[in-house]
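>>> quick one, fold the following:
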Amino acid sequence: MIENEPTDVALMLRVRRGDTAAFEQIHARYQKRMLGFFWSLSHNTHAANDLCQETFLRIWKIRKRYRATGSFPGYLFGIARMVWLERCRSLARDARLGTCCSTDALGEVAASDAWCPEDRVAREELQQHIHRAIDALPEEQRLVFVMRNIDGLSLSDIAEALDCPVNTVRSRKILAMKKLRHLLAEVFAATTGTPS
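Numbers count the residues shown, from 1 in each chain. A predicted model of the protein is given here:
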């Protein structure tokens with residue numbers, strides 16, 4: 001952030017008063033991080049865009065309730081978490097009712113044209129294994145993993161977003177890493193024929 005630029009909290013205080021220019025600045029600062037957060041959870045570009053838009057719409061709708069306590073990233077990702085959990089509940093309800101449309105669970109995997117076909121296939125398979133392993137984590141561990149390792153949030157920002165103590169975040173992070181290592185070791189063992 002440039003020295004003369006207003007802080008996130010200062011911008012949100014202006015947003016609270018209905019300042020659309022301040023809201024646009026907040027959006028510009030955090031849109032890519034929000035897209036990355038939701039893509040990491042959904043592996044679907046369209047879903048990530050929709051969820052990102054929903055998060056910013058929610059921030060605008062509840063702007064008058066904003067209080068300048070804690071960090072802004074913690075506040076923002078707390079709202080994003082609620083949007084994500086609402087989507088998960090909605091998808092689960094649709095699946096129970098049999099109204100869920102078929103989508104590619106792994107989303108779109110970007111592949112460089114510079115890769116030869118064999119390398120591209122191997123890279124896509126590896127990405128799919130990693131996505132499946134992350135998806136297999138319990139929801140709270142997965143949220144911590146994505147917020148910390150993909151979005152780069154601090155443990156205190158994650159604790160604020162998840163409304164739990166920092167030590168809980170730390171233990172969820174450790175458990176997520178152990179489970180991912182175990183799941184990926186199993187995949188590696190299965191593909192190479194070596195015991196895990």
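>>> so what are the domain limits for this protein?
1-108, 112-196 (automatic domain parsing).
>>> how far out from the middle of the chain is the helix or strand Glu86 falls within?
Here Glu86, judged by DSSP states H and E, is contained in helix 72-97. Centroid separation for helix 72-97 versus its chain: 10 Å, with Cα atoms, centre = their mean, to the nearest Å.
>>> so how many other residues sit close to Tyr30?
Per other Cβ atoms under 10 Å, the neighbour tally for Tyr30 reads 22. Every residue, glycine included, has its C-beta placed from N, CA and C.
>>> from the chain's centroid, how far away is the helix or strand in which it is found?
Applying DSSP H and E as the criterion places Tyr30 in helix 20-42. The chain centroid and the centroid of helix 20-42 are separated by 11 Å, computed with Cα atoms, centre = their mean.
>>> check which helices and strands that helix sits against.
Judged by 3 or more Cβ pairs under 8 Å, 6 or more residues apart in numbering; DSSP states H and E, the packing partners of helix 20-42 are helix 8-16, helix 45-61, helix 72-97.
>>> give me the below-cutoff pLDDT ranges for the protein.
Counting by pLDDT under 70, the chain has low-confidence residues at 1-3, 94-123, 190-196.
>>> rerun that using 80 as the cut-off
1-3, 91-127, 129, 186-196 (pLDDT under 80).
>>> list the contacts of the residue most central in space within it.
Ranked by distance to the mean C-alpha position of the chain (Cα atoms, centre = their mean), the top residue is Phe37 at 2.5 Å. Phe37 makes contact with 77, 80, 146-147, 150-151, according to Cβ atoms under 8 Å, 6 or more residues apart in numbering.
>>> in CSV, list those along with distance to Glu124 and neighbour count.
Converted to CSV, the contacts of Phe37 look like this (distance: Cβ to Cβ, whole Å; neighbours: other Cβ atoms under 10 Å):
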residue, distance to Glu124, neighbour count
Phe77, 29, 27
Ala80, 27, 28
Val146, 20, 23
Met147, 25, 28
Ile150, 19, 15
Asp151, 23, 19
